[in-house]
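Asks: Could you work out the structure for the sequence below:
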Amino acid sequence: MQNIKKTPKPLTIGELSRITDIPYYKLAYLERLNRLPKEKESTGKGDANIFTVEAIQIAKDYVNKNIVRL
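Replies: Numbers count the residues shown, from 1 in each chain. You can find the predicted model right below:
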């Protein structure tokens, strides 16, 4: 049997949305504001932006900051 290593999925905006359970449109807003650090910038249509792992915590902090406290 071969030792097959699974390569981790690139952290695209869709994957980031799935991991953090944050709607796509909120992540797209943060991306437009350049708040989410990118590992690799898109080179054009059909090529996704790849975000760094720090983007997960930044997105969670943004959502938690906007929760209305009663």
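Asks: Hmm, residue 42 is touching residue 51, no?
Replies: No. Counting by C-beta atoms under 8 Å, residue 42 does not reach residue 51; the two are 11.1 Å apart. Using the backbone N, CA and C atoms, a C-beta is placed for each residue, glycine as well.
Asks: Give me the more crowded residue out of these two.
Replies: The neighbour comparison of residue 42 against residue 51 (other C-beta atoms under 10 Å) goes to residue 51, with 24 against 12.
Asks: nearest spatial neighbour of the more buried one, skipping sequence neighbours?
Replies: With sequence-adjacent residues excluded and distances taken as C-beta to C-beta, 6 or more residues apart in numbering, residue 51 is closest to residue 11, at 4.6 Å.
Asks: Report how many residues lie close to residue 23.
Replies: Residue 23 has 11 neighbours, counted by other C-beta under 10 Å.
Asks: Distance of the nearest residue to it once chain neighbours are set aside relative to residue 51?
Replies: Among residues not flanking residue 23 along the chain, residue 17 sits closest, at 6.8 Å (C-beta to C-beta, 6+ apart). From residue 17 over to residue 51 the distance is 11 Å, taken as C-beta to C-beta, to the nearest Å.
Asks: Going by secondary structure, residue 47 is in what exactly?
Replies: Taking DSSP states H and E as the definition, residue 47 sits outside all helices and strands.
Asks: which SS class is the residue nearest to residue 23?
Replies: The assignment at residue 17 comes out as helix when based on DSSP: H, G, I helix; E, B strand; the rest coil.
Asks: Identify the residues contacting the residue nearest to the spatial centre of the chain.
Replies: Of all residues in the chain, the one closest to the mean position by C-alpha atoms, centre = their mean is residue 16, 3.4 Å from it. For residue 16, the contacting residues are 22, 27, 36, 51, 55-56, 59, by C-beta atoms under 8 Å, 6 or more residues apart in numbering.
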